[in-house]
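> Starting from these lines, generate the structure:
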Amino acid sequence: MIAEIRPFSLKGSVCAPPSKSMAHRYLIGAALCGKECTISGVDYSEDILASIDCLRALGARVDICNDSVTVDPRGFMKGKPSELFCRESGSTLRFLIPLALCTGERVDFSGSERLFERPLDVYEELCRENGFLFEKRKNSLSVCGKLDRDIYTVRGDVSSQFITGLIFALVYLKKDSKINILPPFESRSYVALTVSALKSFGAEVGFDGDCCIKIKGRELRPYFGRVEGDYSNAAFLDAFNFIGSDVSVENLDPSSLQGDRVYHTYFEEINAGSPTLDISDCPDLGPVLFALSALKNGARFIGTDRLRAKESDRGMAMHEELSRLGGGLLIGDKEITVPKQELKPIKEALWGHNDHRIVMALSLILSRLGGAIDGAEAVRKSYPGYFDDIRRLGAKVEVK
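Purely as a prediction, here's the structure:
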């Protein structure tokens, strides 16, 4: 799909979409609790649909009605699982591998080639240490083993999704257990989201000091709740306010634990000058921060190394597209600088790199310049209604 964009500004109010991060966690928590639960306020992005499909493959009954998902977990993890198709969802894959390693059965995962290019080394090492099967191929993975230890040690400088996946498995096993995290502990806020979601189901799980998580084995209770608004995607809507629009973004909890809540502070700093900003705890903000900086006076970002392992290499993807517009990024090992630059429109379409956040970041830039984005369908991964929402606010966008 190609999104053709003419210059525009936005005006009006819009609800931030439901948090994809929290929806994953609530749905898996519902499968773990043993009794029927209903989670409302769910947005059916490709990633969330992947998690729903995989929970069904693991034996849970999952029914969808409007924005509500009812999970009946009585069959969960009871029989031999069918293949788990994760589409392109890194969260789905990393959250469910440790649960697969609770079954003692061979479990096969499949998905896009890019998904299996993203790091899984933490789990590969865990399987090797325990003599488990871990067989990764171009677009699939097979694991087989049975977790039985009480204490685990995990690096903290890799994706927090590995830690979250291990927490889910240990809660399922109902054993008193502990995860030691080797510093530096990056993306701690995402682990805090996991702890918060599981506490909604009555789990006794929490931080014990800065780098340790303790889990007390116990039965969970049903939870009926609503998914909060997503700061990660709200950032793309609010960014328009810093280039001349007047948008009120609603459905955001000011007390949320989401690390991407920092986006507004970072936008203010970019608007005021050329700051140095640390995105090690909010890597999903990288593309929109780069885009806004390119439209302003530039900025320097540290803690950027994990951007290479997202749906695309996000630093390089933004550099390639900005270079086509006459700008670009300076990419280092763990930092990226956005120089002050003068961007100019081009006739050719930009490329979305099969990455939802790259597509939305480019749409911010093209709201000033005009142009087109090829691969615009990537927004379905996290925010399928993105172009509809900004059109309602006045965006001049035609998606073909």
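> In the stretch 1-150 of the chain, what residue spans correspond to helices?
With DSSP state H, counting those that start in this stretch as the criterion, the stretch 1-150 of the chain has helices at 20-32, 46-57, 90-100, 113-117, 121-130.
> Phi and psi next, for the closest residue to residue 80 other than its chain neighbours.
Distance criterion Cβ to Cβ, 6 or more residues apart in numbering; nearest residue to residue 80, sequence neighbours excluded, is residue 105 at 5.7 Å. C-beta here means a position set from N, CA and C on the backbone, and glycine is covered the same way. Residue 105 adopts backbone torsions of phi -110, psi 160, taken as degrees, to the nearest 10.
> Contact partners for residue 105?
80-81, 144 (Cβ atoms under 8 Å, 6 or more residues apart in numbering).
> quick one: which of those residues has the most company?
Neighbour tally across the contacts of residue 105 (other Cβ atoms under 10 Å): the maximum, 22 neighbours, falls on residue 81.
> from memory it sits against residue 57, does it?
Yes. Using Cβ atoms under 8 Å, residue 81 makes contact with residue 57 at a distance of 5.5 Å.
> For the stretch 151-300 of the chain, just list every one of the helices.
160-173, 188-200, 231-238, 263-272, 286-295.
> my bad, should have said the stretch 301-400 of the chain
314-324, 356-369, 386-392.
> out of those, deepest packed?
Highest mean neighbour count among the helices of the stretch 301-400 of the chain (mean count of other Cβ atoms under 10 Å): helix 356-369, with a mean of 26.
> Remind me what that one packs against, helices and strands.
Counting contacts by 3 or more Cβ pairs under 8 Å, 6 or more residues apart in numbering; DSSP states H and E, helix 356-369 packs against strand 2-6, helix 231-238, helix 286-295, helix 314-324, strand 371-374, helix 386-392.
> JSON lines please, covering those and showing mean pLDDT.
Listed next are the helices and strands packed on helix 356-369 as JSON lines, based on pLDDT from 0 to 100:
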{"stretch": "strand 2-6", "mean pLDDT": "98"}
{"stretch": "helix 231-238", "mean pLDDT": "98"}
{"stretch": "helix 286-295", "mean pLDDT": "98"}
{"stretch": "helix 314-324", "mean pLDDT": "98"}
{"stretch": "strand 371-374", "mean pLDDT": "98"}
{"stretch": "helix 386-392", "mean pLDDT": "98"}
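> and these as JSON lines, adding distance to residue 114?
Below are the helices and strands packed on helix 356-369 laid out as JSON lines (distance: least, Cβ to Cβ, whole Å):
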{"stretch": "strand 2-6", "distance to residue 114": "21"}
{"stretch": "helix 231-238", "distance to residue 114": "19"}
{"stretch": "helix 286-295", "distance to residue 114": "16"}
{"stretch": "helix 314-324", "distance to residue 114": "12"}
{"stretch": "strand 371-374", "distance to residue 114": "17"}
{"stretch": "helix 386-392", "distance to residue 114": "21"}
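> closest one to residue 223 among the ones you listed?
Closest approach to residue 223 among those (Cβ to Cβ): helix 231-238, 21.8 Å.
> ok, back up a step: nearest to residue 40, out of the helices of the stretch 301-400 of the chain?
Here helix 386-392 is closest among those (Cβ to Cβ), at 19.7 Å.
> For residue 236, grab the count of nearby residues.
Other residues near residue 236 come to 28 when the count uses other Cβ under 10 Å.
> How about residue 110?
17.
> contacting residues for the closest residue to residue 220 other than its chain neighbours?
Counting by Cβ to Cβ, 6+ apart, residue 33 is the residue found nearest to residue 220 once chain neighbours are left out, at 3.8 Å. Residue 33 sits next to 73, 201-202, 220-223 when contact means Cβ under 8 Å, 6+ apart.
> Which one of the residues you listed is nearest to residue 5?
residue 223 (41.2 Å).
> Number of residues surrounding the closest one?
Neighbours around residue 223, by other Cβ under 10 Å: 20.
> In this structure residue 198 contacts residue 31, no?
No. Using Cβ under 8 Å, residue 198 makes no contact with residue 31, being 11.9 Å away.
> Residue 42 against residue 67, yeah?
Yes. The pair residue 42 / residue 67 is scored as a contact, 5.4 Å apart, by Cβ under 8 Å.
> Now list whatever residues contact both of the two.
residue 18.
> So for these two, which residue has more residues nearby?
Higher neighbour count among residue 42 and residue 67: residue 42, with 24 against 14, using other Cβ under 10 Å.
> give the contact list for the more buried one.
Neighbour list for residue 42: 18, 23, 27, 48, 64, 67-69, 227 [criterion: Cβ under 8 Å, 6+ apart].
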